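Asker: coordinates only, sequence not included:
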């Protein structure tokens, strides 16, 4: 399955994490998501969220204000 | 016989491990405060925990009850003191004061404006979202009785209980927050 892109730019805490959780809840195990967000708190938040939920955080990259996290659903 | 005893011991240990692990999946929040900023913090934490797949119970007592009131809450059937408390307290998340810089009610308007500019979700929609995610809200019956708040004065879908229920939830959680 192709990587699904989620754009949560302009949102503030806790919305990017909530929206990520909702999207991954509906997905199947092994599905990959590329989440883009420009909230500076998203980088540590998505790491903590993945650690706690057991989903795999493949990478986090920054380009300007945009933070892109690639997550595989467990 | 020895094998049976060993199996029983393993089973008992398994049950205890399950119980400990279940604690890690639960959060209890006691919402005592009725100020906009504190209620906001409580619901942001609740939403975050729900997004992490936790079961969250929010026990709402005293001033926190203001956040659960229907804006249409009336004074019918209440005694004079209960009527006074009903009139003087804010009704619902849109009417709460801030704990600092309230400026007689101008403060909350200022914060709503500033939060809107930063795309922060409103308190009402945070409450709505948490409930869609399965937040369990329990209102404190005793403080409702003290202030003459009836069950129908609060938003629908709220449960009612006392300190034992709250403590039971807290003992079954590994984190309890008092806001």
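Answerer: Structure's in. What do you need? In this text the structure is predicted, and so the values were computed from the model without any measurement.
Asker: hmm, stretch B:125-135 touching chain A?
Answerer: Yes - using Cβ under 8 Å from any Cβ of the partner chain, we find that stretch B:125-135 touches chain A at B:126, B:129, B:133. The C-beta positions use only the backbone N, C-alpha and C, and glycine is treated the same way.
Asker: Can you pull the phi/psi pair for residue B:59?
Answerer: Main-chain torsions, residue B:59, degrees, to the nearest 10: phi -90, psi 120.
Asker: what about the residue in chain A that chain B sits nearest to, how many neighbours?
Answerer: The minimum distance from chain A to chain B, using Cβ to the nearest Cβ, falls at residue A:21 (3.8 Å). Counted with other Cβ atoms under 10 Å in any protein chain shown, the neighbours of residue A:21 add up to 20.
Asker: Ignoring the adjacent residues along the chain, who's closest to it?
Answerer: Distances taken as Cβ to Cβ, 6 or more residues apart in numbering or on different chains put residue B:51 closest to residue A:21, at 3.8 Å, once the chain neighbours are dropped.
Asker: hang on, isn't the one you found packed against residue B:133?
Answerer: Yes - between residue B:51 and residue B:133 there is a contact under Cβ atoms under 8 Å: 7.4 Å.
Asker: Between those two, point out the one with more neighbours.
Answerer: More crowded of residue B:51 and residue B:133, by other Cβ under 10 Å: residue B:51, with 26 against 19.
Asker: While we're on the more buried one, how confident is the model there?
Answerer: According to the predicted model, the pLDDT of residue B:51 comes to 96.
Asker: quick one: it from residue B:26, how far?
Answerer: Applying Cβ to Cβ, to the nearest Å, the value for residue B:51 to residue B:26 is 15 Å.
Asker: What of residue B:55?
Answerer: Counting by Cβ to Cβ, the gap from residue B:55 to residue B:26 is 5 Å.
Asker: try residue B:85
Answerer: When residue B:85 is compared with residue B:26 (using Cβ to Cβ), they lie 33 Å apart.
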